[in-house]
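Student: the sequence and its predicted three-dimensional model are supplied below.
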Amino acid sequence: MLIGDDTKTIATLDNRIDKTTIVGLLRKLPEYELVGRTFAIRRAKEGDIDGIIEVYQKAFAEPPWNETWNDKQVLESMLFNLSARKPIMLVAESENKIIGLTWGCGIPIEKFPFLANRITPESTSYVAEVAVDGNYRKEGVGKSLTRGYMKLASRDGIQKIVLRTDKSNIAAMALYYSLGFQEMINQTNEQILDPEYPSRVYLSVNIG
Ligand SMILES: CC(C)(COP(=O)(O)OP(=O)(O)OC[C@H]1O[C@@H](n2cnc3c(N)ncnc32)[C@H](O)[C@@H]1OP(=O)(O)O)[C@@H](O)C(=O)NCCC(=O)NCCS
C-alpha cells in the first residue's frame, strides 16, 4: 500500500460507498489493452471488482506491509483514486482471473508537501498501488502493469511518475529500478524519506 495516512482517507469518505459509484467511475477510465501470451493488461472494468479486492488483500497482507484490508476499505481506496484527477486503474488477467492490479492518479500534493519543490504537481502522476497474485510473480506481470500505467499517463500529458515503496521490498525495488525509476533526493542531495514511515523511499521517473 503506497498512499499513506490511510485512516484519514477512509475517515473522510462517505460511509455509504457502494459498488455502483465505483462502476460509474470505472466506465470513464481511459482505454488500454495489451494482450500477451500468458496474460493481458487492460483497464479495470465492473466485473473485476471482486478479483481486485482479492489480489489486493492477499498482496498487502504479506511482509513488509502486513496490512489487513476489509472489502469496504479496498473499495474506499479505489473510490478515492477513481475520484481524483487523471485516474488510472489497470488489471492483469489470465484465464479470466484477475492476477494483478495497479492504480494511481494525478499526485494529491496535499498528502506530500515535502515533495512540493521537487515536482510539478499538474504533470506528475502518483502510482498508489501495484500488486500481483503470489502465484504469478516474476513473470513480468508487475512490469507490464507499470509500463501500461506509464504509457497511459504519458498519453494524458504526465511528465513524471512518482511512487513510494519500502526499502526492504526487494521485489518492488527491482521492479521499479528495471523501469528506470530512481530514488528522489532533496536540494542537499539527501534521499527523500517519508516523515511518517522512514523505511519508505520515494522513487520517480521522467516520462515526458
Ligand atoms: C512487487 C511486485 C508487484 C512485482 O511483481 P512481479 O510481477 O513479480 O514483477 P515482474 O515479474 O514484472 O518483475 C519485474 C522485475 O523485478 C525483478 N523482480 C521481481 N521480483 C523480484 C524478487 N523477489 N527479487 C528480485 N528481483 C525481483 C524481476 O526479475 C524483473 O526484473 P527484470 O525485468 O530486470 O528481469 C510483486 O512482488 C507484489 O505484488 N508484491 C506484493 C505487493 C507489493 O509489495 N507491491 C509493491 C508496492 S510498492
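Tutor: Nice, I can see it.
Student: for the rest of this, base every contact and every neighbour count on C-alpha atoms.
Tutor: Will do.
Student: quick one: the residue nearest to residue 206 when sequence neighbours are not counted from the ligand, how far?
Tutor: In this structure, residue 206 finds its nearest non-sequential neighbour in residue 160, 4.4 Å apart by C-alpha to C-alpha, 6 or more residues apart in numbering. Per C-alpha to the nearest ligand atom, to the nearest Å, residue 160 is found 17 Å from the ligand.
Student: count the neighbours of residue 96 for me.
Tutor: Residues lying near residue 96 (other C-alpha atoms under 10 Å) number 11.
Student: and residue 180, by the same measure?
Tutor: Per other C-alpha under 10 Å, the neighbour tally for residue 180 reads 12.
Student: give me the pLDDT value at the residue most central in space within the chain.
Tutor: With distances taken as C-alpha atoms, centre = their mean, residue 129 lies nearest the centre of the chain, 2.4 Å away. Reading off the confidence values, residue 129 has pLDDT 98.
Student: do residue 114 as well
Tutor: 88.
Student: what do you get for residue 7?
Tutor: 41.
Student: contact partners for residue 142?
Tutor: 100, 130-132, 175 (C-alpha atoms under 8 Å, 6 or more residues apart in numbering).
Student: so which of those belong to helices?
Tutor: The helices, defined by DSSP state H, take in residue 175 from the contacts of residue 142.
Student: so which of the contacts of residue 142 are also by the ligand?
Tutor: Near the ligand, judged by C-alpha under 6 Å from any ligand atom, the entries from the contacts of residue 142 are 130-132, 175.
Student: and this structure, which residues reach the ligand?
Tutor: Contact residues, the chain versus the ligand (C-alpha under 6 Å from any ligand atom): 1-2, 59-60, 129-132, 137-143, 165, 170-172, 174-175, 178.
Student: so which of these are in helices?
Tutor: Using DSSP H, the residues of the chain next to the ligand in helices are 59-60, 141-143, 170-172, 174-175, 178.
Student: mind giving me the ChimeraX select for those, buried ones only?
Tutor: The ChimeraX selection below is limited to those of those classed as buried (16 or more other C-alpha atoms under 10 Å):
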select :59,60,141,142,143,172,175
